[in-house]
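> next comes the sequence, and after it the predicted model I'd like to discuss.
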Amino acid sequence: MTPELIIRAVRPTDAEAIAAMHCLPGFRHGTLRPPFVAPEQVRRYLETPRPGHMLVALVGELLVGQVDVQQYSGRQAHAGRIGIGIHDDWTGRGIGGRLMTEIITVADRWMGLRRLALTVQTDNARAIALYQRHGFVIEGTHLADSLRDGVLIDVHSMARLVPAPERVRP
């Protein structure tokens, strides 16, 4: 029996597990992360204040996924960028969907964001389907945008727009 999935805010003590997950070949394949991420780099990132929110998913004591939303500033303060990744051994089990649901709830209901954006490699059909299930649409494609293992790849820009929230009136 699989232990229950726990989703919580990230902690600096998660740095070692996050760095290990970032170094997995499958995780790295779908991101812009380089190989050999050091736990100290992750810890510094986690300890640096920035407008946004990061969540992790755990099964028992094992960190199996992460998601974050980073809020833009100035005239783009209504918008943010989402990044997500799942541990190689835990893909296809609904963890990405649970993390997306939680971070979208935080962005919509607690940060007041009206636009969420992300990028995804055009050959990552599973991720594209996940994002589309959560209301993201492809806005455009950046040709030869990213280098992955020595090959230039295309990347879709996707976004999710939400109307202004209802307000309580006396």
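Perfect, thanks for sending it. Numbers count the residues shown, from 1 in each chain.
> and residue 123, what does it touch?
By Cβ atoms under 8 Å, 6 or more residues apart in numbering, the residues touching residue 123 are residue 153. All C-beta spots, glycine's among them, are computed from the backbone N, C-alpha and C.
> looking at the chain, which helix or strand does the model trust least?
The helix or strand of the chain with the poorest confidence is helix 39-47; it has a mean of 88 (mean pLDDT, DSSP states H and E).
> contact partners of that one?
Helix 39-47 is contacted by residues 10, 11, 12, 14, 15, 16, 18, 19, 20, 22, 54 when judged by Cβ under 8 Å, 6+ apart.
> run a quick neighbour tally on the last one.
For residue 54, the count of nearby residues is 20 (other Cβ atoms under 10 Å).
> 800 is where my numbering starts, stick with that
In the new count, where the first residue is 800, that last one comes out as residue 853.
> pretty sure it is touching residue 862, no?
No. With contact defined as Cβ atoms under 8 Å, residue 853 does not count as touching residue 862 (11.9 Å).
> return the distance of the least confident helix or strand of the chain from the chain's centre.
Distance, stretch centre to chain centre, for helix 838-846: 17 Å (Cα atoms, centre = their mean, to the nearest Å).
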